[in-house]
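In: model this:
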Amino acid sequence: RADLHLNHLLAYNLPGQNYEQLMPHWSDVLPSITVSSLPHWDAINKWYAALSYDKSTPNVEVRALADSLFAGEIDSKEKVRRVHEYIVNNIRYSYQSFRQSGFVPQSAGQTLATRMGDCKDMAVLAKSLLRLGGVASNLVLVNTNDQELQPSLPMIVFNHAILKLASGEFIDFTAGKNSLWTLPFLDQGALKLEIDAENTTDIGYLPFDNSQDRLERVSFDTLDVQGNLTRNLRTLRTGNYASGFRNLYAYESPAASRRLAHKTLLHKYPRVDLMAWQVQNLQNLYAPVQNSSHYRIKNYVLNAENMVLTLPWTDALQANNLPAESQRNFPLLSWKQHKFRGEVVEKISLKLPENFQLSSVPKERRIKNEWVDYSLEFSLKSHVLSATRRLKFVSPRIEKSQYADWRKNLEQIVEYDAQILLLKSASVPKK
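Out: Okay, the predicted model is just below:
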């Protein structure tokens, strides 16, 4: 045909690229050729809106469930909470390609009847229930942040579906251990396309919000003259810290939970006895997860005339947590490493052994910039050293031009976390 043209695109001697830790998906950093027959992203919106239009139409069973969930309730946020609680507790997430379409969701009634569905099925059921409660929402197609995030042309790149409320909040009903308003890590910063039959939509990105991801520890520690350290540690977790902990412990018996906690301690301290372990709010998604532990580390320091030790920071940053590259060719996505997420605060009260004196109170430290906010504070009173460590990662993405400075900051934190304390014997020497 005269109106067809054949183009040849050739490339020679392309340099190889090496994988770098915490780098973006290859599709976002390597040269590529993309072909699409879609004129714009709204074409996908309109296609999927038509495809899923009647799936949220409620049947008798869905209406009956909505009546029971919303009975006497007028607050819209409480209605959302009840729908979320029902779905995560009663609908089992399951993706089976032989029984469900990769694109077409089940009807809300079918998902309710089988008590099983994938991400789009759960979102459709939630949309149906919320509409009966007078709460408007739209489906949102998502390409999770471990996949391609910068497609150059409109195409079907989505692997997930969630829900957006008219008030602006996003909810992922497959994240059964996350609280209602906390998006799981894989959703944060992910590519999204809202499905709205009435309006034109374009691709965008889910918010990256780690403000709820907080881990707070408080310990009361005693170091004896033999160099053994006894710890009473309380930990509070919110956001994705809480959901990660629930995923580890929620289905374990008390005995199995204790064994798992002891095993975790043994990775750090080869000679440790776990004497008490307790967890609260594993099943309550709307409260922080709390746990307390009482354990004894044998020979934390060797008994000697003088004791040399580091503070037992539970979440100390170590050299092996840092990426191996000294220079980079690609950006670094810091959220991919759990040590580089959210905010961690730890407060230690260390009772020093009798007849030993701290040679000097450690220096306070502070690093604050566009990437991290870190501080160490110390005080000594009545033979008890009080120490507070705060570390918050601010930026989820480090450009290659920023990497050297970012890494230098983390190397400083590694050094500060591992600073040495010297305890000198104050006993009277024998004549």
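
In: From now on I want contacts and neighbour counts done on CA atoms only, so please keep to that.
Out: Fine.

In: Stretch 36-56: end-to-end distance?
Out: 30 Å (CA to CA, to the nearest Å).

In: Tell me which residues are up against that stretch.
Out: 104-108, 124-125, 127-128, 153-156, 193-197, 200-203 (CA atoms under 8 Å, 6 or more residues apart in numbering).

In: one more time with 10 Å, if that's ok
Out: 62, 103-110, 120-121, 123-129, 131, 138-141, 152-156, 193-203 (CA atoms under 10 Å, 6 or more residues apart in numbering).

In: Can you get me the centre-to-centre distance for it and its chain?
Out: 31 Å (CA atoms, centre = their mean, to the nearest Å).

In: For the stretch 51-200 of the chain, which segments count as strands?
Out: 92-93, 116-117, 137-143, 160-165, 170-171, 191-194 (DSSP state E, counting those that start in this stretch).

In: related to what we said a few turns ago, can you turn the buried part of the contacts of stretch 36-56 into a ChimeraX selection?
Out: Buried subset of the contacts of stretch 36-56, written as a ChimeraX selection, criterion 16 or more other CA atoms under 10 Å:
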select :62,105,106,107,108,109,110,120,121,123,124,125,126,127,128,129,131,138,139,140,141,154,155,193,194,195,196,197,201,203
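
In: Which ones among the contacts of stretch 36-56 map onto helices?
Out: Taking DSSP state H, the ones among those that sit in helices are 62, 108-110, 120-121, 123-129, 131.

In: how about CSV for these, with distance to Lys336 added?
Out: Shown next, in CSV, are those (distance: CA to CA, whole Å):
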residue, distance to Lys336
Val62, 39
Ala108, 34
Gly109, 37
Gln110, 36
Lys120, 25
Asp121, 28
Ala123, 26
Val124, 30
Leu125, 31
Ala126, 30
Lys127, 31
Ser128, 34
Leu129, 35
Arg131, 36
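
In: Make JSON lines out of these and add pLDDT.
Out: Shown next, in JSON lines, are the ones in helices among the contacts of stretch 36-56 (pLDDT from 0 to 100):
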{"residue": "Val62", "pLDDT": "97"}
{"residue": "Ala108", "pLDDT": "97"}
{"residue": "Gly109", "pLDDT": "96"}
{"residue": "Gln110", "pLDDT": "95"}
{"residue": "Lys120", "pLDDT": "94"}
{"residue": "Asp121", "pLDDT": "95"}
{"residue": "Ala123", "pLDDT": "96"}
{"residue": "Val124", "pLDDT": "97"}
{"residue": "Leu125", "pLDDT": "97"}
{"residue": "Ala126", "pLDDT": "97"}
{"residue": "Lys127", "pLDDT": "97"}
{"residue": "Ser128", "pLDDT": "97"}
{"residue": "Leu129", "pLDDT": "98"}
{"residue": "Arg131", "pLDDT": "97"}
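
In: Pull stretch 301-319 out as PDB, backbone CA atoms only.
Out: Output in PDB follows, covering the C-alpha atoms of stretch 301-319 (Å, rounded to 0.1, in the frame of the first residue of the first chain):
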ATOM      1  CA  VAL A 301      31.100  -7.000  76.900                       C
ATOM      2  CA  LEU A 302      34.100  -8.900  78.300                       C
ATOM      3  CA  ASN A 303      34.600  -8.400  82.000                       C
ATOM      4  CA  ALA A 304      37.900  -6.400  82.400                       C
ATOM      5  CA  GLU A 305      39.300  -3.600  84.400                       C
ATOM      6  CA  ASN A 306      37.800  -1.300  81.800                       C
ATOM      7  CA  MET A 307      34.700  -2.100  79.700                       C
ATOM      8  CA  VAL A 308      34.500  -1.200  76.000                       C
ATOM      9  CA  LEU A 309      31.100  -1.400  74.400                       C
ATOM     10  CA  THR A 310      28.600   0.100  71.900                       C
ATOM     11  CA  LEU A 311      25.100   1.100  72.800                       C
ATOM     12  CA  PRO A 312      22.600  -1.700  71.900                       C
ATOM     13  CA  TRP A 313      20.600   0.100  69.300                       C
ATOM     14  CA  THR A 314      18.100  -2.300  67.900                       C
ATOM     15  CA  ASP A 315      18.000  -0.700  64.500                       C
ATOM     16  CA  ALA A 316      21.600   0.500  64.100                       C
ATOM     17  CA  LEU A 317      22.600   1.200  60.600                       C
ATOM     18  CA  GLN A 318      25.400  -1.000  59.500                       C
ATOM     19  CA  ALA A 319      27.900  -1.000  56.600                       C
END
